[in-house]
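Participant: Everything below, folded, please.
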Amino acid sequence: MAPSSASLVSERKRLKNIKRGIQLLKQSKGRMNLGIAFPVAKRIVETLRQKTGSEKIQWAGSLRRMKENIGDIDILATGPNHEKIIHAFTHLPEVKEILASGETKASIIVEEGVQIDLRVVEEDSYGAALQYFTGSKAHNIHLRGIAKAKGIKINEYGVFKGEKKIGGGKKRMSIGPLGWLGLSQNFGRIGERLKRPRPDPFQNWSRNLRLKETFMSTQRGAMAPPLSRRLPRWPRKGVTNI
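Facilitator: Just a heads-up that it's a prediction; the model follows:
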């Protein structure tokens, strides 16, 4: 008896799902789920901050981009004593094996079998380094292209105008000269965001005030003048006469 068309469709779908599962398994080999990687990184970073006294310690790479599957966990740090940070990292209670340890880099394996790589940078390069090592590679390439068009060079050490360093210590300053970009990934919208004007913070304030007036008017009837008549006229865009 020949199989029905419905059973053939069902069998093909089952085989397709099996192949898809095998493909996903191959792609995720040596990687971990975000739900596993994030708690590990958070615990390590918080412990390092407590042991070193430095608040400028942060995870980077695909974990900072919140990708679904993570490879090794990358951590970026800075502080007045690099040696102290490296020592605290390689002597964490969770360490099962030290793969490498140098003046600015170290790699360990923790109890969960996860590899964690640490890079310690100078304080005046921390923002640029965090931008660079957060990635992705395509995002960094696109960002460097925008910078080049403005006569600026940007890398993991900072932002440069000719030979002069004009940013890099803080996350915001490291991308400030390039316009309103933030740390957003390149999904083809960077060019649009550069052309987009900054929002006026007083626009929503004025709109919300009118909505509040309407609501209060319905509650109080004609007992009191509108709210806008009882409030001072605030200057727009932070310009004052003081």
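
Participant: Please pull out the lowest mean pLDDT helix or strand from this protein.
Facilitator: Every helix and strand of the chain was ranked by mean pLDDT, DSSP states H and E. The lowest is helix 227-230, at a mean of 50.

Participant: in the chain, which spans are strands?
Facilitator: For the chain, applying DSSP state E gives strands covering 32-33, 57-59, 69-70, 73-77, 95-101, 105-110, 115-120, 153-155, 158-161, 164-167.

Participant: and the fifth one, what other elements does it pack with?
Facilitator: The one in question is strand 95-101. Judged by 3 or more C-beta pairs under 8 Å, 6 or more residues apart in numbering; DSSP states H and E, the packing partners of strand 95-101 are helix 82-90, strand 105-110. The way it works is simple: take the backbone N, C-alpha and C, and place the C-beta from them, glycine included.

Participant: Which one of these lies nearest to Leu34?
Facilitator: Closest to Leu34 of those, according to C-beta to C-beta: strand 105-110, at 16.7 Å.

Participant: The closest one: partners in the sheet, and parallel or antiparallel?
Facilitator: Applying DSSP bridges, strand 105-110 is found paired with strand 95-101 (antiparallel), strand 115-120 (antiparallel).

Participant: Identify, out of those, the most deeply packed stretch.
Facilitator: strand 115-120 (a mean of 21; mean count of other C-beta atoms under 10 Å).

Participant: Identify the residues contacting that strand?
Facilitator: 40-41, 44, 72-79, 82, 85-86, 89, 99, 104-110, 129, 133 (C-beta atoms under 8 Å, 6 or more residues apart in numbering).

Participant: Please, a ChimeraX command that selects the buried ones among those?
Facilitator: In ChimeraX syntax, the buried subset of the contacts of strand 115-120 is picked out as below (16 or more other C-beta atoms under 10 Å):
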select :40,41,44,72,73,74,75,76,77,78,79,82,85,86,89,106,107,108,109,110,129,133
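
Participant: sorry, back to before: would JSON lines of the strands of the chain with mean pLDDT be doable?
Facilitator: Listed next are the strands of the chain as JSON lines, based on pLDDT from 0 to 100:
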{"stretch": "strand 32-33", "mean pLDDT": "86"}
{"stretch": "strand 57-59", "mean pLDDT": "96"}
{"stretch": "strand 69-70", "mean pLDDT": "88"}
{"stretch": "strand 73-77", "mean pLDDT": "96"}
{"stretch": "strand 95-101", "mean pLDDT": "93"}
{"stretch": "strand 105-110", "mean pLDDT": "94"}
{"stretch": "strand 115-120", "mean pLDDT": "95"}
{"stretch": "strand 153-155", "mean pLDDT": "90"}
{"stretch": "strand 158-161", "mean pLDDT": "89"}
{"stretch": "strand 164-167", "mean pLDDT": "87"}
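
Participant: I am finished for the moment; much appreciated.
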